[in-house]
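Asks: Next input, structure requested:
(one chain, ligands or ions: 3)
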Amino acid sequence: TTITQEQEEKQDEADTSITRFQRYLRINTAHPNPAYSSAVSYLISQAESLALRYQTLYFSPNKPLLLLTWQGTDPSLPSILLNSHLDSVPAEPSKWQHPPFSAFRRSHDGAIFARGAQDDKCIAMQYLEAIRNLKARGFTPSRSVHVSLVPDEEIGGADGAAKFVESKEFAELKVGFALDEGQASPGDEYRVFYADRSPWGLKIKARGQPGHGAWMYDGSAMENLMKSVEVINRFRESQFDVVKTGKALNSEVVSVNPVYLKAGLQSESGFVMNVQPSEAEAGFDLRLTPTTDPDEMRRRIASEWAPVIRNMSYELIEKGPIRDYLGRPLMTAINDSNPWWSVFKQAITSAGGKLSKPEILASTTDARFLRQKGIPVLGFSPMRNTPILLHDHNEHLRETVYLNGIEVYESLISSLSLFPEPSQP
Ligand SMILES: CSCC[C@H](NC=O)C(=O)O
Ligand SMILES: [Zn+2]
Ligand SMILES: [Zn+2]
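Replies: Ligands and ions are numbered 1, 2, ... in the order given. Model (predicted):
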């Protein structure tokens, strides 16, 4: 079909910050097959319209990383990096009021429904819209401002941010400070995150004597596994109690949650009911706080959770760094020792916002790879008065919140890119 000139003009007219956001949201970037090339093409079209420099880097085949640059007037100053991941978690369309890649706009409140509306396609487009508005006002940054759009965050970032921070392209950016995604705030105050917990995947496997389902004996694989599940659950309760009694937030304790169980003999008609299996397995999602001693956790796992004496073995998948290159916990300073922190806070105030007490993020972002390099990073997504819907059904964001976020980034980008060389790095 040919587009008439009239239709084209209409399309241009309809090209607003909201429609540009919707267009990005309509690209299906959900795992296991995120449409990375469509997402990158779209973002490149935006970068071109903003006259930003861009390069597409491949640290792994079919997993592009798009790097945009707004050149500062003083390239000797450390730069600012604004990060957002390209990918999204899958959605269950049948559980949604509107299809997850429709970016449907609900007319009564302007809520835009899409997987990625909060996590984290909003910030990618807000960064670009803020740059658009700053450019339109004739603003020029002293520091260079880079925007990185990275693949695979939702699956751990091994082929994305982890490789990027080790690249020569990254070193050449001389990043002094970075912003990455945060989380929506149900109240009026924006939330800000100075650390993530570190994710570990733990698979424990029990072996034991197989036998007749009618016979009670000691040392079956199921018994061995269930004993471990009990021990792990006791640890879980000890941590959760601290949360339940209000002494700490969820993100301030070590979490361990069972995520799968695998055992039993199977036949064509289902599980075999009268054989006690010789193997049984369980999987756990573990999250360490930034100050948890990883060696102590490793010892606990080996000696209490999966001890050889109970015929147990385990596989521990440590996803990403837990200490920085100097062996320090991956935490960004939120006091006067970090000059970027004051500039950040001040910029939020100038945009008419307030911050709640800085938090540790319960989940994980790519910020940990940057912090590993010693770069101060704050996790921040300017969504206030907004329900927390990341990874949930009916993820949505109200357009007024989205538009306000653009203004917040205008304030942040202008302040961060102008402020003089900090006395301490
Ligand atoms: C286990 S690494 C995967 C990272 C993922 N990030 C966002 O949800 C998370 O589960 O926190
Ligand atoms: Zn995210
Ligand atoms: Zn996510």
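Asks: hmm, who's touching stretch 232-244?
Replies: Identification of contacts with stretch 232-244 by CB atoms under 8 Å, 6 or more residues apart in numbering yields 248-250, 252-258, 284, 300, 305. In short, each C-beta sits where N, CA and C put it, glycine included.
Asks: Need the max-distance pair from the residues you listed.
Replies: With distances taken as CB to CB, the most widely separated pair in the contacts of stretch 232-244 is Leu249 and Trp305, at 24.5 Å.
Asks: Need the residue closest to the centroid of this structure.
Replies: Thr365 (3.3 Å; CA atoms, centre = their mean).
Asks: where's it relative to ligand 1, distance?
Replies: The gap separating Thr365 from ligand 1 is 6 Å, by CB to the nearest ligand atom, to the nearest Å.
Asks: which parts of the chain sit against ligand 1?
Replies: The chain comes close to ligand 1 at residues Glu154, Gly156, Pro199, Lys319, Ser363, Thr364, as judged by CB under 6 Å from any ligand atom.
Asks: and with 5 Å instead?
Replies: Proximity of the chain to ligand 1 (CB under 5 Å from any ligand atom) is limited to residues Gly156, Pro199, Lys319, Ser363, Thr364.
Asks: of those residues, closest to ligand 2?
Replies: Nearest to ligand 2, judged by CB to the ion, of the residues of the chain next to ligand 1 is Ser363 at 8.0 Å.
Asks: residues contacting that closest one?
Replies: Asp196, Arg197, Pro199, Arg287 are the contacts of Ser363 under CB under 8 Å, 6+ apart.
Asks: part of a strand, is Thr400?
Replies: No - according to DSSP: H, G, I helix; E, B strand; the rest coil, Thr400 belongs to no strand; its state is helix.
Asks: can you pull the pLDDT of it?
Replies: Reading off the confidence values, Thr400 has pLDDT 98.
Asks: quick one, helices of the stretch 201-350 of the chain?
Replies: Under the criterion DSSP state H, counting those that start in this stretch, helices of the stretch 201-350 of the chain are mapped to 221-244, 294-300, 339-350.
Asks: so of these, which one's packed in deepest?
Replies: Mean neighbour count (mean count of other CB atoms under 10 Å) peaks for helix 339-350 among these, with a mean of 18.
Asks: so for the next helix or strand along the chain from that one, what's the average pLDDT?
Replies: Downstream of helix 339-350, the first helix or strand assigned by DSSP states H and E is strand 359-361. Averaged across strand 359-361, the pLDDT comes to 97.
Asks: Equivalent analysis for stretch 280-288, please.
Replies: pLDDT averaged over stretch 280-288 gives 98.
Asks: cool, and stretch 14-22?
Replies: Here the average pLDDT along stretch 14-22 is 95.
Asks: what residues does it touch?
Replies: 46, 103, 105, 112, 114, 121-122, 125, 129, 132, 399, 402-403, 406.
Asks: Contact partners for Arg328?
Replies: Listed by CB under 8 Å, 6+ apart, the contact set of Arg328 is empty.
Asks: Pull up the gap between it and Phe419, please.
Replies: To Phe419, Arg328 is 25 Å away according to CB to CB, to the nearest Å.
Asks: Show me which residues of this structure sit near ligand 2.
Replies: Contacts of the chain with ligand 2, taken as CB under 5 Å from the ion, map to Asp119, Asp120, Glu181.
Asks: if you set the cut-off to 6 Å instead, what comes out?
Replies: For the chain, the residues in contact with ligand 2 (CB under 6 Å from the ion) are His85, Asp119, Asp120, Glu153, Glu181.
Asks: okay, now the second one: neighbour count?
Replies: Around Asp119 sit 28 other residues, with neighbours defined as other CB atoms under 10 Å.
Asks: before we move on, back to that, three-state assignment of the residue nearest to the centre of the chain?
Replies: coil.
Asks: tell me the contacts of it?
Replies: Going by CB under 8 Å, 6+ apart, Thr365 touches His85, Glu153, Asp180, Glu181, Asp196, Gly379.
Asks: and it, backbone torsions?
Replies: Backbone torsions of Thr365, given as degrees, to the nearest 10, read phi -130, psi -180.
Asks: Please apply the same query to the one 3 residues further on.
Replies: When quoted as degrees, to the nearest 10, the phi and psi of Arg368 stand at phi -60, psi -30.
Asks: Likewise for the one 3 residues further on?
Replies: Recorded main-chain torsions at Arg371 are phi -60, psi -30, according to degrees, to the nearest 10.
Asks: Grab the nearest non-local neighbour of it.
Replies: Spatial nearest neighbour of Arg371, excluding adjacent residues (CB to CB, 6 or more residues apart in numbering): Leu330 at 4.2 Å.
Asks: In helices, which of the contacts of stretch 14-22 fall?
Replies: The helices, defined by DSSP state H, take in Gln46, Lys121, Cys122, Met125, Glu129, Arg132, Glu399, Tyr402, Leu403, Ile406 from these.
Asks: I'd like the distance between the last one and Arg132.
Replies: The reference is to Ile406. Separation of Ile406 from Arg132 (CB to CB): 9 Å.
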